[in-house]
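**Student:** coordinates only, sequence not included:
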């Protein structure tokens, strides 16, 4: 009887389904500002739905630290690595490191400089930066009726996104419809609210004449608004534009301050990066560029975007 019971138990065990391997993904973040924190949380939420474990690393803006963190993730033999690069110029090195280890790689939010040469097993999830600064500046042009002086707050120029958003502004100004606009100065504010405020304070102190400030992101735009208010130069007609549609930006717009922003779906990018990573792990086809579209946000359609980022 004991032998029969043992055989039955073994047969049951053999028929029982084998527990699925729970994937572990490394998430290497450049830093955790307002927008990137939303992106990180979107990644974690999507991972939870798929029973994926995520190990988050924060480089705090240090490219050397990020490279070391990625090396550690490779040593741990994670199933895939998602990278939000500190410096997009470092991406060829990152791509080689990760692909040499035969680990699927997903870049998120910031376009790798080696995008056109990305090998199989690597994807990029983001929004098309050629759209962001373009629709932002076109709206500012509309508000100014095609004429006026512009000041530009640029993000960290080590990031392809900052360079592209700034180029977008310049290209719109060069169009026939907006040829009455002129960029009188542009400064690198490195995506930071405090730097955006300090740069704007310096502009005000220098007496430069301007009709609008266009910032590569909402944090710098809010900094510019704070500087204008502190200097008592703010009016209800003041035009400041940002990009990302962060909660702080939408609150500023609702208060009548920020006039233009562009919705960049941070949580959608995070979720998309998990989806891409899982497909790559399973050797399923993934587009090299997974596009999460940008959308213009103004006071007229503000309510549509409440709570989205």
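**Tutor:** Cool, the structure landed. What you are looking at is a predicted structure, and each value in this text was computed from that prediction instead of being measured. Residues are numbered from 1 along each chain as shown.
**Student:** contacts for stretch 176-188 next, please.
**Tutor:** Outside stretch 176-188, the residues within contact range by Cβ atoms under 8 Å, 6 or more residues apart in numbering are 137-138, 140-141, 144, 146-157, 162, 166, 169-170, 172-173, 199, 203, 208-210. Bear in mind the C-beta positions are built from the backbone N, C-alpha and C, glycine included.
**Student:** in it, what's buried?
**Tutor:** Going by neighbour count (16 or more other Cβ atoms under 10 Å), the buried part of stretch 176-188 is 178, 181, 186-188.
**Student:** from the middle of its chain, how far away would it be?
**Tutor:** Distance of stretch 176-188 from its chain centroid, counting by Cα atoms, centre = their mean, to the nearest Å, is 25 Å.
**Student:** residue 80 reaches residue 107, doesn't it?
**Tutor:** No - Residue 80 is beyond contact range of residue 107, at 11.8 Å (criterion: Cβ atoms under 8 Å).
**Student:** out of these two, which sits in the more crowded spot?
**Tutor:** More neighbours surround residue 107 than the other of residue 80 and residue 107, with 28 against 25 (other Cβ atoms under 10 Å).
**Student:** what is the helix or strand hosting that one packed up against?
**Tutor:** Assigned by DSSP states H and E, residue 107 belongs to strand 105-108. Helices and strands touching strand 105-108, by 3 or more Cβ pairs under 8 Å, 6 or more residues apart in numbering; DSSP states H and E, are strand 80-83, helix 91-100, strand 122-126, helix 266-281.
**Student:** show me what the last one is in contact with.
**Tutor:** Applying Cβ under 8 Å, 6+ apart, the set of residues contacting helix 266-281 from outside is 23, 25, 35-36, 38-47, 50, 52, 79-80, 82, 104-106, 108-109, 121-123, 125-127, 244, 285-286, 290, 292, 308-309.
**Student:** ok now it, how far from the chain's centre?
**Tutor:** 13 Å.
**Student:** tell me the helix or strand right after that helix.
**Tutor:** Using DSSP H and E, the first helix or strand after helix 266-281 is strand 289-291.
**Student:** and the helices in the stretch 51-200 of the chain?
**Tutor:** Ranges of helices in the stretch 51-200 of the chain, per DSSP state H, counting those that start in this stretch, are 63-75, 91-100, 129-143, 160-173, 193-206.
**Student:** I am finished for the moment; much appreciated.
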